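Engineer: Build me a structure from this.
(chains A, B, C and D)
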4 protein chains.
Amino acid sequence: MTDTTIFDDPLVVAGESFRSRLWIGTAGYPNQKVLLDSVKASRAEMVTMSIRRVSLAGQGFDTVKLLKDYKFLPNTAGCETARDAILTAELAREALETNWIKLEVIGDRETLYPDVQELLKATEELISRGFTVLPYCNDDPVICQRLADLGAAAVMPMGSLIGSGMGVANPANIELICKRSPVPVVVDAGIGTASDAVIAMELGASAVLLNTAVAKAADPVRMAAAMGHAVDAGRLAYLAGRIPRRGRAEPSSPQLGLVGS
Amino acid sequence: MTDTTIFDDPLVVAGESFRSRLWIGTAGYPNQKVLLDSVKASRAEMVTMSIRRVSLAGQGFDTVKLLKDYKFLPNTAGCETARDAILTAELAREALETNWIKLEVIGDRETLYPDVQELLKATEELISRGFTVLPYCNDDPVICQRLADLGAAAVMPMGSLIGSGMGVANPANIELICKRSPVPVVVDAGIGTASDAVIAMELGASAVLLNTAVAKAADPVRMAAAMGHAVDAGRLAYLAGRIPRRGRAEPSSPQLGLVGS
Amino acid sequence: MTDTTIFDDPLVVAGESFRSRLWIGTAGYPNQKVLLDSVKASRAEMVTMSIRRVSLAGQGFDTVKLLKDYKFLPNTAGCETARDAILTAELAREALETNWIKLEVIGDRETLYPDVQELLKATEELISRGFTVLPYCNDDPVICQRLADLGAAAVMPMGSLIGSGMGVANPANIELICKRSPVPVVVDAGIGTASDAVIAMELGASAVLLNTAVAKAADPVRMAAAMGHAVDAGRLAYLAGRIPRRGRAEPSSPQLGLVGS
Amino acid sequence: MTDTTIFDDPLVVAGESFRSRLWIGTAGYPNQKVLLDSVKASRAEMVTMSIRRVSLAGQGFDTVKLLKDYKFLPNTAGCETARDAILTAELAREALETNWIKLEVIGDRETLYPDVQELLKATEELISRGFTVLPYCNDDPVICQRLADLGAAAVMPMGSLIGSGMGVANPANIELICKRSPVPVVVDAGIGTASDAVIAMELGASAVLLNTAVAKAADPVRMAAAMGHAVDAGRLAYLAGRIPRRGRAEPSSPQLGLVGS
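Structural biologist: Numbering: from 1, shown residues only, chains lettered A, B, ... in the order given. Predicted coordinates:
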């Protein structure tokens, strides 16, 4: 088997195909050069950006231009109602000429935890308006199923709280969601370091979305490269089929023969 | 920063330099072809093999020939006394023309747990005989310090029991050992999947040695490729400096402005 | 401080006061004697039972009689819609002459995971009909807040899947919910052994509800006694204020003086 | 089964029988009254104290007098060689008229990690001098076996670093040691809160020794009471035989019948 065949494993979302299974956020980098170098080092093909940032600051459109070679996924970060999220998505479609939207509707400013009721409403409405909807949700398998039933292109359950760096807080739930989901599962939020991304992929995630873990690392470019390897490592390990965990030892070498036996 | 500079980070052990931080065992593969393909896919430069296997079976020397392009690290797997381990190391030196030896002296056949008293004795004696000694030990920071003081070229604390796939059982101990060790720390034994190898590297290990996780995976070649990415991911993340773990959320995007605020 | 003052810490739910913080389910015991002995050994004052079991089998009313000295909390286990849960609650009120109801509305037969949308609907309706509603929910802090806002007498977030014995899967979420909740938080489902119950209480839970961990233990009565001690241990530890977790040692005894210093 | 028969489970060490399975250290309390109240609230029957503290300060003998109703276990905290530990043990025997000794020989002042080589030497010598030796050791199953072979009355593997509050760092090792040990296993060091003590007991420990977790808690007396319940909870749960951990749900109530099915 060559490296080519090992990696012939594209991610397909809403009919589009991606080689990379790492999606990366664009906020909070020290400067535009570090952002661009980080995205490159990560080998990501998809980047996400808050519409609030695009619209509020001149910097927003600069970032869009800077990352013109990447698939752009606008998001509705900061929205607290279905209504606001829908308006924001419409703004994004007009400004950025894409009908893809990462849908965030938060239920609480302090934890940025999703409001699943508003999220379901906004998902339904945006799909009826022709959007390709990728909702950021909690790790509730029933809600993930509903979102897929409504026609979400992927579901994006949280690993843990946004920016918390706590990794995958509830691996059993993420694994359950991945096992059952009819659409790609993208673990989004909470990734703190490379092992968190690997664990998400080993649980069966189709991709990982992260931002703070790279943008706020001491060396963002190096962490971005780490994350690129991490999603590959996790995906390959998932496909390869790991050995069982045992409470006991299992020799790899023969224990008898030769000296002293 | 280019990919070249990111990876300009060689591992140096006993004066020899390696690009890869993955060391791989050669036992238990379905066949010689899978073994060779796996080692290639892993990008490892160092392979280890039990002297018992070399000497007992014709297959042993076949494997040595098969892997002639790799740095060969014979090991004393199965030895239960310093005396046996020393004899085995001498056999290895004669047969394989290397004075490198991965020293295993187990205190118990069932758990394959190291016998640190015999290990210290054998380390001292083999160093006096001119060997480059890499002892497989437990995760005891005092024992690791003693081994380094005796002149071990590296210390190889266990992640968990050999073949158990339980990963790094005591991350605090491994981190402590890595922080203080004057010689490279190679986490050896217990690695079950890619995330375990990443975690070992993130804790500060210089390299990881594994065997069963690849040899007994459902698809060894794919798992070997996973492990190659895993050690790179873990090393880069360690160097990059991760964000702190927080109990609370931290927005990556601005929370105010535009729609609905 | 005497044992009396240490334990002067009643749990108050909907105006009723309880000394015990352990609520116990009545299903799946080997026989009625073991059930009764277990409830006694646990020191629980509140027991819960599925209305389906009460109504379906003669055994149901036997159990109600058997446990006549305990506060009886009927539950709507097995209901999949708000409508069914409301009807079941009405049946319970009539048959058992209590307006307390543990509200379960599941979204999936296989995982028994709550359906939060139907749960919110049923909670609102039952409160308007004068019930004291204690909803079994997921560990979503936004949903828990909504349930309390609707007037739930307590919220009962899951530790992990019903009967799974996986304990508190997401401690950070449970801790967050406990910190913010205006009503008592009862961790319900997933408790497997005594330490799980202690952990739930140390995170700030007001009480723990469990069933399978006791009913299906090898020795239910002994496990029931264990659980009684566990909730006391966890509650006291929570109130006592634990020492911080440190990565390093901290001597309890002086390190200098006398022999050899 | 009555509460009496449930608790008819004495701990026997070196022929002496104890009802309580909690051993408690006496250092670092805010004052003598809190110390005494804490020991009472914990229901411990055995207390330990550093000989250095007894000998150095007037306070030492005061504490011995204060706790005259408890079994006194002097310890050699702070000793770094077998020689010092042996001298300290002899001082303890003379001053306190007990031949019981908790043997600590540390290999490193910063981590207070045991020096297993010196520990083995001191254990052998003290046993030959008629002491009842209870060595504080690491969680190495081979070392624990050696200590028992030498005649130690119990082995006292660490949960984690002294005073660290990290709990049982390596549960698999503690469980392995408990399963095999011919003498009682007392988990000593690292306990931070009640759940840590429960976990140690659920793994099969015969008893738990702790100090800082109580002495430095915000409310030592309440934490002492918590620890008393914790060891009972853990012991009972261990004897009761817990349900298995499952990745899936398991209903405790029937899922069919009555309303809506």
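Engineer: what mean pLDDT would you report for the strand or helix carrying residue A:41?
Structural biologist: Element membership for residue A:41, per DSSP states H and E: helix A:32-42. When pLDDT is averaged along helix A:32-42, the result is 96.
Engineer: So what touches that helix?
Structural biologist: Contact partners of helix A:32-42, identified using C-beta atoms under 8 Å, 6 or more residues apart in numbering or on different chains, comprise A:20, A:22, A:24, A:26, A:29, A:47, A:62-63, A:66-67, A:70, A:214-215, A:220-225, A:227-228, B:1, B:3, B:6. From N, CA and C alone the C-beta is placed, and that goes for glycine too.
Engineer: Can you name the next helix or strand after that helix?
Structural biologist: Reading on from helix A:32-42 to the C-terminus, the next helix or strand found by DSSP H and E is strand A:46-50.
Engineer: picking up where we left off before, quick one: work out the angle between the helix holding residue A:41 and strand A:46-50.
Structural biologist: 140 degrees (axes from the mean of the first three to the mean of the last three C-alpha atoms, to 10 degrees).
Engineer: So what's the gap between helix A:32-42 and the chain middle?
Structural biologist: 17 Å (C-alpha atoms, centre = their mean, to the nearest Å).
Engineer: So which of the contacts of helix A:32-42 sit within strands?
Structural biologist: Counting by DSSP state E, these place A:22, A:24, A:47 in strands.
Engineer: for the stretch 151-261 of chain A, what are the low-confidence residue spans?
Structural biologist: Along the stretch 151-261 of chain A, the model assigns pLDDT under 70 to residues A:253-261.
Engineer: Please tell me I have it right and residue A:136 contacts residue A:152.
Structural biologist: No - applying C-beta atoms under 8 Å, one finds residue A:136 not in contact with residue A:152, separated by 10.6 Å.
Engineer: the more surrounded of the two?
Structural biologist: residue A:152 (28 against 25; other C-beta atoms under 10 Å in any protein chain shown).
Engineer: That one: which element?
Structural biologist: Per DSSP H and E, there is no helix or strand for residue A:152.
Engineer: wait, doesn't it sit right on residue A:124?
Structural biologist: No - look at residue A:152 against residue A:124 with C-beta under 8 Å: they stay out of range, at 9.7 Å.
Engineer: Now do the SS call for the single nearest residue of the stretch 51-200 of chain A relative to chain B.
Structural biologist: Closest contact between the stretch 51-200 of chain A and chain B, by C-beta to the nearest C-beta, is at residue A:163 (2.9 Å). With DSSP: H, G, I helix; E, B strand; the rest coil as the basis, the three-state label of residue A:163 is coil.
Engineer: Would you mind measuring from the closest residue to it other than its chain neighbours to chain C?
Structural biologist: Closest residue to residue A:163 apart from its sequence neighbours, by C-beta to C-beta, 6 or more residues apart in numbering or on different chains: residue B:250 at 2.9 Å. From residue B:250 across to chain C, the span is 14 Å (C-beta to the nearest C-beta, to the nearest Å).
Engineer: So which elements touch the longest helix anywhere in chain A?
Structural biologist: Using DSSP state H to define each element, chain A has its longest helix at helix A:220-240. Helices and strands touching helix A:220-240, by 3 or more C-beta pairs under 8 Å, 6 or more residues apart in numbering or on different chains; DSSP states H and E, are strand A:22-25, helix A:32-42, helix A:194-202, strand A:207-210, helix A:212-215, helix B:3-6, helix B:194-202, helix B:220-240.
Engineer: Turn those into TSV, columns for mean neighbour count and distance to residue A:242.
Structural biologist: TSV is the format used below for these (neighbours: other C-beta atoms under 10 Å in any protein chain shown; distance: least, C-beta to C-beta, whole Å):
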stretch	mean neighbour count	distance to residue A:242
strand A:22-25	28	21
helix A:32-42	20	25
helix A:194-202	32	7
strand A:207-210	29	18
helix A:212-215	27	24
helix B:3-6	12	28
helix B:194-202	32	8
helix B:220-240	28	7
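Engineer: Distance to residue B:92 added to those, as JSON lines?
Structural biologist: Converted to JSON lines, these look like this (distance: least, C-beta to C-beta, whole Å):
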{"stretch": "strand A:22-25", "distance to residue B:92": "43"}
{"stretch": "helix A:32-42", "distance to residue B:92": "42"}
{"stretch": "helix A:194-202", "distance to residue B:92": "35"}
{"stretch": "strand A:207-210", "distance to residue B:92": "44"}
{"stretch": "helix A:212-215", "distance to residue B:92": "44"}
{"stretch": "helix B:3-6", "distance to residue B:92": "36"}
{"stretch": "helix B:194-202", "distance to residue B:92": "26"}
{"stretch": "helix B:220-240", "distance to residue B:92": "25"}
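Engineer: Of those, give the one that comes closest to residue A:245.
Structural biologist: Between residue A:245 and the helices and strands packed on helix A:220-240, the tightest spacing by C-beta to C-beta is seen for helix B:194-202, at 10.0 Å.
Engineer: could you check the angle helix A:220-240 makes with the closest one?
Structural biologist: Going by the same axes, to 10 degrees, helix B:194-202 makes 150 degrees with helix A:220-240.
Engineer: for helix B:194-202, packing partners?
Structural biologist: Under the contact criterion of 3+ C-beta pairs under 8 Å, 6+ apart, helix B:194-202 touches helix A:194-202, helix A:220-240, strand B:207-210, helix B:220-240.
Engineer: List the contacts of it.
Structural biologist: By C-beta under 8 Å, 6+ apart, the list of residues contacting helix B:194-202 from outside reads A:193-195, A:198-199, A:202, A:230, A:233-234, A:236-237, B:21-22, B:159, B:165, B:167-168, B:171, B:174, B:187, B:190-191, B:208, B:210, B:213, B:223, B:226-227, B:229-231, B:233-235, B:237-238, B:242.
Engineer: export it as CSV, just CAs?
Structural biologist: What follows is helix B:194-202, C-alpha atoms only, in CSV (Å, rounded to 0.1, in the frame of the first residue of the first chain):
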residue,chain,number,x,y,z
ALA,B,194,-2.5,7.2,17.8
SER,B,195,-3.7,9.5,20.6
ASP,B,196,-1.7,7.6,23.1
ALA,B,197,1.5,8.4,21.2
VAL,B,198,0.5,12.0,20.8
ILE,B,199,-0.1,12.3,24.5
ALA,B,200,3.3,10.8,25.3
MET,B,201,5.0,13.4,23.1
GLU,B,202,2.9,16.3,24.4
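Engineer: Let me see the contact set for the spatially most central residue of chain A.
Structural biologist: In chain A, the centroid-proximal residue (C-alpha atoms, centre = their mean) is residue A:209; its distance is 2.1 Å. By C-beta under 8 Å, 6+ apart, the contact set of residue A:209 is A:22, A:23, A:24, A:25, A:48, A:102, A:156, A:186, A:187, A:188, A:189.
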